[in-house]
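In: Structure for this input, please:
(chains A and B)
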Amino acid sequence: NAGVTQTPKFRVLKTGQSMTLLCAQDMNHEYMYWYRQDPGMGLRLIHYSVGEGTTAKGEVPDGYNVSRLKKQNFLLGLESAAPSQTSVYFCASRSTGDQPQHFGDGTRLSIL
Amino acid sequence: SQQGEEDPQALSIQEGENATMNCSYKTSINNLQWYRQNSGRGLVHLILIRSNEREKHSGRLRVTLDTSKKSSSLLITASRAADTASYFCATGTLSSGSARQLTFGSGTQLTVLP
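Out: The predicted structure follows:
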């Protein structure tokens, strides 16, 4: 099993450009999450989904949008990238109940 | 805002020694989880302890939880160079409902010297 796969792994954008980060999981998990990780800090939740067709805001949602059209995919969009969005982005998924989250290996995004 | 705060921020020990990391949190929790992150990789779940549990073991890992002090500790016994990584505590709060959102601390960077 591949688990949680994030694409791309690296990306450099110019301020104002847009892009979409893709997260795919093959574990039939209901819940999916997008986090950002900045140096010296833990993960901060951007958006999450409790099932296909649902999305909700996390702690730091401004400047991001998400979609969950298929259960296995969770997309994170940046409509107009800003330097403050330079970060490492992690996607995670989990099944129902008190189950741990499974993480992808991250997307390293630099906004110039 | 960060619910959990790890202490120390960095820890360097010799192979074979034990490593202890602490986590403090602010609000009532449903469970507390520890994750490990190797450099350049995603987080990997280590152990979950529920609010009604006081201690849990998994291999060389021992986790304790003191809800009265709002704190937890992770003990890694007989450390190995391969244990070098960042370790994060994450709390699942009662207010997060079925989504079981986790709030992560800023992590402890553990270095095990061979």
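In: and chain B, which of its residues are near chain A?
Out: Residues of chain B that fall close to chain A, judged by Cβ under 8 Å from any Cβ of the partner chain: B:1-2, B:4, B:30-31, B:33, B:35, B:40-45, B:48, B:50, B:88, B:90, B:92, B:98-107. All C-beta atoms are positioned from the backbone trio N, CA, C, and that covers glycine.
In: redo that, cut-off 7 Å
Out: Proximity of chain B to chain A, by Cβ under 7 Å from any Cβ of the partner chain, involves residues B:2, B:31, B:33, B:41-43, B:45, B:48, B:50, B:88, B:98-99, B:101-102, B:104-107.
In: From these, which land in strands?
Out: B:31, B:33, B:43, B:45, B:48, B:50, B:88, B:102, B:104 (DSSP state E).
In: State the distance from the fifth one to residue A:102.
Out: Taking Cβ to Cβ, to the nearest Å as the criterion, residue B:48 is separated from residue A:102 by 13 Å.
In: And for the first one?
Out: As defined by Cβ to Cβ, residue B:31 lies at a distance of 16 Å from residue A:102.
In: now residue B:42
Out: In terms of Cβ to Cβ, residue B:42 sits 8 Å off from residue A:102.
In: Show me what the residue nearest the centre of chain A bridges to in the sheet.
Out: Central residue of chain A (Cα atoms, centre = their mean): residue A:34, 3.1 Å from the mean position. Judged by DSSP bridges, the bridge partners of residue A:34 are residue A:47, residue A:91.
In: Verify the contact between it and residue A:68 for me.
Out: No: using Cβ atoms under 7 Å as the test, residue A:34 is too far from residue A:68 to be in contact (10.5 Å).
In: Report the residue spans of chain A with pLDDT below the cut-off.
Out: Across chain A, the ranges flagged by pLDDT under 70 are A:1.
In: if you set the cut-off to 90 instead, what comes out?
Out: A:1-2, A:39-42, A:96-99 (pLDDT under 90).
In: in it, which spans are strands?
Out: Secondary structure of chain A (DSSP E): strands at A:4-7, A:10-13, A:19-25, A:31-37, A:43-49, A:56-57, A:64-67, A:73-78, A:87-94, A:102-103, A:107-111.
In: Dump those into TSV; add distance to residue B:20 as well.
Out: As requested, the strands of chain A are exported to TSV (distance: least, Cβ to Cβ, whole Å):
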stretch	distance to residue B:20
strand A:4-7	30
strand A:10-13	36
strand A:19-25	34
strand A:31-37	24
strand A:43-49	23
strand A:56-57	36
strand A:64-67	37
strand A:73-78	36
strand A:87-94	26
strand A:102-103	24
strand A:107-111	31
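In: Just give me the neighbour total for residue B:29.
Out: 25 (other Cβ atoms under 10 Å in any protein chain shown).
In: From residue A:36, how far off is the spatially closest residue to it that is not a sequence neighbour?
Out: Sequence neighbours aside, residue B:91 is the residue nearest to residue B:29 in space, at 4.6 Å (criterion: Cβ to Cβ, 6 or more residues apart in numbering or on different chains). Counting by Cβ to Cβ, the gap from residue B:91 to residue A:36 is 18 Å.
In: higher neighbour count, the two?
Out: When residue B:91 and residue A:36 are compared for neighbours, residue B:91 comes out ahead with 26 against 23, by other Cβ under 10 Å.
In: And the more buried one, how close does it get to residue B:65?
Out: When residue B:91 is compared with residue B:65 (using Cβ to Cβ), they lie 10 Å apart.
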